[in-house]
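Participant: Next come a sequence and a model predicted from it.
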Amino acid sequence: MSPEDLNPQSEASSLAAEARGPLAILYGELDAAVARLGPTCAVSGRCCRFEEYGHTLFLSSPEAAVLIADAPAPVRALDAGLTCPWQDEKGRCTAREARPLGCRVYFCDPVFQEHAPRLSEEFLSRLKAIVDQHEWPWGYAPLHRHLALAVDCGELSPPVPSEHA
Ligand code: SF4
């Protein structure tokens, strides 16, 4: 099921309400696993400038529903998947508590690179099991697709792009 099959707004809101608790537990366990490995974050902001650093942030529909429901309003306008609208001008994440699994496991610290794929695979597999158990939609897709849909449904009101940006 793609994210476009999920909404409208009421479905996304109820998905966020159901998913919030189980995802908080999973995110907490992932954060603890990451902390035990001790990667360094130099706040380079690379993790959130997708195109510039050649990666794409994928997330499931439950993660997107929780992110959109619980994060503060985006600080920047949406684009076509080049960057994340929750990254502020200093490169910091303004959606930290609600950020999805992919953000929590991404570090550019070279010493973390050998661990990231294993952790990512383990927690993605656990996430999928939770989603299947609850019969939630999976809707795994790039961030900008989830966000565009949320804007269409009136769930998200990002800043309007500046003509001079
Ligand atoms: S949610 Fe936060 S950590 Fe994730 S890509 Fe956006 S700004 Fe970066």
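Facilitator: Sure thing, it's come through. Only a predicted model underlies this, so the values are computations on that prediction, with no experimental measurement involved. Numbering: from 1, shown residues only.

Participant: so how far is the longest helix seen in the chain off the chain centroid?
Facilitator: Ranked by residue count and defined by DSSP state H, the top helix of the chain is helix 9-37. The chain centroid and the centroid of helix 9-37 are separated by 11 Å under CA atoms, centre = their mean, to the nearest Å.

Participant: Please apply the same query to stretch 138-158.
Facilitator: In terms of CA atoms, centre = their mean, the centre of stretch 138-158 is found 11 Å from the chain centre.

Participant: is any part of it close to the ligand?
Facilitator: No. Interface with the ligand: stretch 138-158 contributes nothing (CB under 6 Å from any ligand atom), its closest point being 6.9 Å away. Placement of C-beta: from N, CA and C, glycine included.

Participant: So that it lines up with my notes, have the first residue be 20 from now on.
Facilitator: Let's use 20 as the start, then, which means that last one is stretch 157-177.

Participant: Give the next helix or strand downstream of the helix or strand harbouring Asp151.
Facilitator: If you go by DSSP states H and E, Asp151 is part of helix 135-153. Where DSSP H and E defines the elements, the next helix or strand beyond helix 135-153 is strand 160-161.

Participant: Name every sheet partner of that next one and say whether each one runs parallel or antiparallel.
Facilitator: Partners of strand 160-161 in the sheet, by DSSP bridges, are strand 77-78 (antiparallel).

Participant: check whether the strand it pairs with contacts the ligand.
Facilitator: No. Strand 77-78 does not reach the ligand (CB under 6 Å from any ligand atom); its nearest approach is 9.0 Å.

Participant: in the longest helix of the chain, what counts as buried?
Facilitator: For helix 28-56, a neighbour-count test (16 or more other CB atoms under 10 Å) marks 31-32, 34-35, 38, 41-42, 45-46, 49, 52-53 as buried.

Participant: Pipe these into TSV and attach pLDDT and distance to Cys122 per row.
Facilitator: Below are those laid out as TSV (pLDDT from 0 to 100; distance: CB to CB, whole Å):
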residue	pLDDT	distance to Cys122
Ala31	79	19
Ser32	85	22
Leu34	95	19
Ala35	96	17
Ala38	98	16
Pro41	98	18
Leu42	98	13
Leu45	98	13
Tyr46	98	10
Leu49	97	10
Ala52	96	15
Val53	95	11
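
Participant: could you pick out which of the residues you listed are near the ligand?
Facilitator: Residues of the buried residues of helix 28-56 in contact with the ligand (CB under 6 Å from any ligand atom): none.

Participant: what's in contact with the helix or strand harbouring Leu168?
Facilitator: Using DSSP H and E, Leu168 sits in helix 162-171. The contact list for helix 162-171 (CB atoms under 8 Å, 6 or more residues apart in numbering) reads 22-23, 25-26, 31, 69, 75-78, 80, 83, 86-87, 93, 97-100, 103-104, 158, 175-177.
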